[in-house]
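Novice: my questions are about this predicted structure, shown below with the sequence.
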Amino acid sequence: MIARGVVHRCPVCGGGHVIRRWFGVVERCPACDLVFERIEGHEIGYIGLNTMVTFASTFVVLLVGTILMVPNVRPWPLVIAAIIPAAVFPILLLPSCRMAWTGIDLALRPIEPDEIDPRFLVT
């Protein structure tokens, strides 16, 4: 479910066309009728996921840059290199994080029968 979300597909049925524009998803899956924001506050999860991925990538850039520069570590090239993932990744990864978080949410809180089209329920 998480992998489907990362590639901008519905975590339940794998259906496409769930990203309306870069900063928005459709309210429901066009195929299985799943509501993507299942509870109030759902956006907190995908914003947190996006933040963790961005921080981790920025840390890796800083760590690798520092290791490559030893013994003459210069801070300004590191700062400039770290700004790139810190500024680009939150925007670039937002749709993937939104749908991946829906997959994580589904793994933690399984689907209720009334949440999707009955044809997609696995018995």
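Specialist: Arrived safely, thanks for sending.
Novice: center of this structure - which residue?
Specialist: Centroid-nearest residue in the chain, with CA atoms, centre = their mean: residue 97, separated by 0.9 Å.
Novice: quick one, strands of this structure?
Specialist: Per DSSP state E, the chain carries strands over the ranges 19-21, 24-25.
Novice: quick one: mean pLDDT over the shortest one.
Specialist: Over the span of strand 24-25, the pLDDT mean works out to 78.
Novice: buried residues, the helix ranked longest in the chain. List them.
Specialist: Assignment by DSSP state H gives helix 42-69 as the longest helix of the chain. Residues 42, 45, 46, 49, 50, 53, 54, 57, 58, 61, 62, 65 are the ones in helix 42-69 that count as buried (16 or more other CB atoms under 10 Å). In short, each C-beta sits where N, CA and C put it, glycine included.
Novice: now the terminal residues of stretch 30-49, how far apart.
Specialist: End-to-end span of stretch 30-49 (CA to CA, to the nearest Å): 25 Å.
Novice: what are the contacting residues of it?
Specialist: Contacts of stretch 30-49 with the rest of the structure, by CB atoms under 8 Å, 6 or more residues apart in numbering, involve 10-13, 15, 17-18, 25-29, 94, 97-102, 104-105, 109, 111, 115-117, 119-120.
Novice: cheers, nothing more for now.
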